[in-house]
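> give me coordinates for this.
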Amino acid sequence: MEAVDSNPEALGVHIANAVNKSDILYLHVIAPRMIEINGKLETLHGLLPMRKAFKGTLISSGGYEREDGNESVADNYTDLVSFGRLFLANPDLPRRFELDASLNKYNRTTFYISDPVLDYTHYPFLEAST
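Residues are numbered from 1 along each chain as shown. Modelled structure (predicted):
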């Protein structure tokens with residue numbers, strides 16, 4: 001299923017202003033990173049207008065890796081970054097980021113299954129993979 005809006009940035013600002021009225025502590029959004037430009041996922045519509053409008057803590061997801069996650073926080077594009085898929089495949093993700101260690105590749109087909117041998121709880125920790 002695909003969702004589109006004729007003016008996603010204006011919609012984001014509208015949502016931010018609406019939740020500001022309720023003193024919401026944080027807003028968790030998925031950054032629309034849809035196109036590959038020069039080997040990197042980019043978007044024509046960003047979260048910056050929403051970020052500027054929202055008064056609480058903004059948490060963004062959406063395919064971030066360590067570097068672009070850090071850049072997004074440093075550039076005040078977001079307050080926090082969540083790393084869903086990377087965390088599923090790397091249960092020790094903060095340690096790997098700290099050491100600049102290699103990451104396990106994730107396999108989407110294992111994320112939400114009940115197979116005790118193949119599910120996402122069986123990705124190796126750094127110590128076990130070196």
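> in this structure, what spans have low per-residue confidence?
The model of the chain has pLDDT under 70 over residues 1-3, 32-35, 41-45, 116-120, 128-130.
> go again using 90 as the cut-off
Residues of the chain meeting the criterion pLDDT under 90: 1-9, 30-48, 62-65, 68, 72, 77, 84-85, 88, 106-124, 126-130.
> can you show me the helices along this protein?
Secondary structure of the chain, counting by DSSP state H: helices at 8-20, 48-53, 66-74, 84-89, 93-99, 126-129.
> and the residue nearest the centre of the chain, how far from residue 95?
What sits nearest the mean C-alpha location of the chain, by CA atoms, centre = their mean, is residue 61, with 1.9 Å. Going from residue 61 to residue 95 by CB to CB, to the nearest Å gives 21 Å. C-betas here are computed from N, CA, C, even on glycine.
> report the contact partners of the closest residue in space to the residue nearest to the centre of the chain that isn't next to it in sequence.
Leaving aside its chain neighbours, residue 61 sits nearest to residue 82 (4.5 Å; criterion: CB to CB, 6 or more residues apart in numbering). By CB atoms under 8 Å, 6 or more residues apart in numbering, residue 82 lies in contact with 28, 59-61, 64.
> among these, name the buried ones.
Buried subset of the contacts of residue 82 (neighbour count, 16 or more other CB atoms under 10 Å): 60-61, 64.
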